[in-house]
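**Q** Only the shape, not the letters, is given here:
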């Protein structure tokens, strides 16, 4: 009887130990990940600033930053995995949508449509993303290290007010600039007749994507505003009924 | 007769909504502003709703009973939703079949496809939705009278949207018929018809489990109809047969949007089947262990 009880507490201790080690590994990995991402986007920022100081123009800048941008943004796919396995407590769907929209802009618009790579709108959204991501990843890093300077917290929850709309403008202008080239080349499109009896027109798809910003952007923006009120002012926000 | 004092509080704000001091057996639902279908009355603010049939005497309350009220929002009857969401695909598909103007190029207006499989597909699709409409009117016995109003918009978008998407390609002037020709179409039609009869048999069997006007739940068992023998292996064979029908239709039309619709439907039906299976297991101690939710032995 007594030994049975002891066995049980030993088992409990073992599971608790396992949980604690798993938690420690998760924290270590997340800290490494967030430091690496902060570094990646900082590099991007430095390259952009140096290029502009040297050349005085943004033409040709994209070619310089293309590889770093693609690498940093694609690596962010891991964040969906973090939510899925539960080491980060955010919705998988929300993270998934955000990362997918970034990947879409990088790979399916900017990377594949060469003619728009020197547009000002591209620089606009890349700059916005860089500032936002450096702030965000350093926020997570400091949080994990339990040493969060107030100015990072302030930046994370205030800069988006301006950055978010600017980023949206940059993205929309870029997609709009790409439209004529998409139409002319017929890229990523499937015409009838074919044995699958389906068709896909990338041109109209992009128009639908642009229109979808109208319902989606306000929702995400007001969500961030609510988060901000909660975190910075400790206001109790009554969420909508379930 | 024993009388109760009843107070009803709002589940969220805990405001006192109404106080009744001489309640007999039944709680009068007209005492609140909202119509009965919209009211959710419960013993615990976060608990499950009480049913219409629940009687005060049999509830775990003292002589003073406290209930919590939640407004379920505007409600709409299941029958209305079903009729609307099924009538849509029926009519929409026919519009594409008859090549009503402004869909395809003007030279094709009011022409018909030269492929006989397209006519067959139209008959199958229309038959399927006419069957659903008739079942809604004459066969199904619904446990809940109503559902939230916003569901009709969600459901109609799904059914009507997919119907238009499928119909556009099947009835398109540039439609490509199945690669394996008549063999493929004949096999597909057999599967489709078999599953339509199967699905109908299950609906009849489920209806016969429940006497008219009642909301009792019993374990369904195979009957003399061979199409119901699948109950031995599956909890929700109506969904199994429905999947089969749409697989047949996909094979018949060889159309990717149809395959996509089948996949999405399958995912949703699997979610429902798993839920139903779980509630069967919870409610009935002696539930047959060989049964799977939707696919025998697999899912």
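**A** Arrived safely, thanks for sending. Just so we're clear, the structure is a prediction, and the values are computed from it rather than from any experiment. Numbers count the residues shown, from 1 in each chain, chains lettered A, B, ... in the order given.
**Q** near chain A, which residues of the stretch 1-150 of chain B?
**A** With CB under 8 Å from any CB of the partner chain as the criterion, the stretch 1-150 of chain B comes near chain A at residues residue B:12. No exception for glycine: its C-beta is placed from N, CA and C like everyone else's.
**Q** Tell me which stretches of the stretch 1-150 of chain B form strands.
**A** According to DSSP state E, counting those that start in this stretch, the stretch 1-150 of chain B carries its strands in the segments B:4-10, B:16-23, B:39-42, B:64-71, B:75-77, B:146-148.
**Q** Adding mean pLDDT and mean neighbour count, write these out as CSV.
**A** Conversion of the strands of the stretch 1-150 of chain B to CSV gives the following (pLDDT from 0 to 100; neighbours: other CB atoms under 10 Å in any protein chain shown):
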stretch, mean pLDDT, mean neighbour count
strand B:4-10, 77, 17
strand B:16-23, 73, 13
strand B:39-42, 76, 18
strand B:64-71, 77, 17
strand B:75-77, 85, 17
strand B:146-148, 86, 17
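**Q** Around chain B, pick out the residues from chain A.
**A** Counting by CB under 8 Å from any CB, the residues of chain A lying close to chain B are A:192-199, A:241.
**Q** And those residues, which two are furthest apart?
**A** A:193 and A:241 (49.7 Å; CB to CB).
**Q** lowest average confidence, helix or strand, in chain A?
**A** Per-element confidence for chain A was summarised using mean pLDDT, DSSP states H and E. The lowest value among helices and strands belongs to helix A:2-55, with a mean of 85.
**Q** Just give me how far that one sits from the chain centre.
**A** From the chain centre to the centre of helix A:2-55 is a distance of 18 Å (CA atoms, centre = their mean, to the nearest Å).
**Q** Show me which of residue A:193 and residue A:241 is the more surrounded one.
**A** With neighbours defined as other CB atoms under 10 Å in any protein chain shown, residue A:193 and residue A:241 compare such that residue A:193 has more, 12 against 8.
**Q** which SS class is the more buried one?
**A** coil (DSSP: H, G, I helix; E, B strand; the rest coil).
**Q** Quick check: closest non-adjacent residue to it.
**A** The shortest distance from residue A:193 to any non-neighbouring residue, by CB to CB, 6 or more residues apart in numbering or on different chains, is to residue B:174 (4.1 Å).
**Q** Burial check on that neighbour, number of neighbours?
**A** 13.
**Q** is it fair to say it lies in a strand?
**A** No: counting by three-state DSSP, residue B:174 is located in no strand; its state is coil.
**Q** so what's residue B:212 up against?
**A** With contacts taken as CB atoms under 8 Å, 6 or more residues apart in numbering or on different chains, residue B:212 has the following neighbours: residue B:141.
**Q** The helix or strand bottoming out on mean pLDDT in chain B pairs with which strands?
**A** Sorted by mean pLDDT, DSSP H and E, the helices and strands of chain B end with strand B:16-23, the least confident at a mean of 73. In the sheet containing strand B:16-23, its partner strands are strand B:4-10 (antiparallel), by DSSP bridges.
**Q** name the element the spatially most central residue of chain A belongs to?
**A** By CA atoms, centre = their mean, the mean C-alpha position of chain A lies nearest to residue A:99, the distance being 4.6 Å. Secondary-structure assignment from DSSP states H and E places residue A:99 in helix A:92-103.
**Q** Show me what that helix is packed against.
**A** For helix A:92-103, the contact count by 3 or more CB pairs under 8 Å, 6 or more residues apart in numbering or on different chains; DSSP states H and E identifies helix A:61-75, helix A:78-85 as packing neighbours.
**Q** List the contacts of the shortest one.
**A** Where contact means CB under 8 Å, 6+ apart, the residues beyond helix A:78-85 that reach it are A:30, A:33, A:88-92, A:95-96, A:99.
**Q** Please pick the buried ones from these.
**A** In the contacts of helix A:78-85, burial by neighbour count holds for A:30, A:33, A:88, A:92, A:95, A:99, counting by 16 or more other CB atoms under 10 Å in any protein chain shown.
**Q** And the pLDDT for the fourth one?
**A** So that's residue A:92. Looking at residue A:92, its pLDDT is 89.
**Q** for the fifth one, same thing?
**A** According to the model's per-residue confidence, residue A:95 sits at a pLDDT of 87.
**Q** So it versus chain B, what's the distance?
**A** Spatial separation of residue A:95 from chain B under the definition CB to the nearest CB, to the nearest Å is 21 Å.
**Q** And for the third one?
**A** As for residue A:88, its distance to chain B is 25 Å (criterion: CB to the nearest CB).
**Q** Check the secondary structure at that residue for me.
**A** Under three-state DSSP, residue A:88 comes out as coil.
**Q** Identify the residues contacting it.
**A** If a contact means CB under 8 Å, 6+ apart, then residue A:88 has A:30, A:79, A:82 as its contacts.
**Q** Just the closest of those to residue A:149, please.
**A** Of all those, residue A:149 sits closest to residue A:30, with 18.7 Å by CB to CB.
**Q** In this structure the closest one contacts residue A:140, no?
**A** Yes: applying CB atoms under 8 Å as the test, residue A:30 and residue A:140 come out as touching, 7.4 Å apart.
**Q** For residue 149, give me the pLDDT.
**A** Picked chain A for this. Listed pLDDT for residue A:149 reads 91.
**Q** my bad, chain B
**A** In the prediction, the pLDDT value recorded for residue B:149 is 88.
**Q** Can you tell me the SS state at residue B:177?
**A** At residue B:177 the chain is in coil, as set by three-state DSSP.
**Q** That one: what's it in contact with?
**A** Contacts here follow CB under 8 Å, 6+ apart; on that basis residue B:177 touches B:115, B:117-118, B:254.
**Q** any idea how far residue B:82 is from residue B:70?
**A** As judged by CB to CB, to the nearest Å, residue B:82 and residue B:70 stand 25 Å apart.
**Q** scratch that, residue A:220 is what I was asking about
**A** When CB to CB is applied, the distance between residue A:220 and residue B:70 equals 29 Å.
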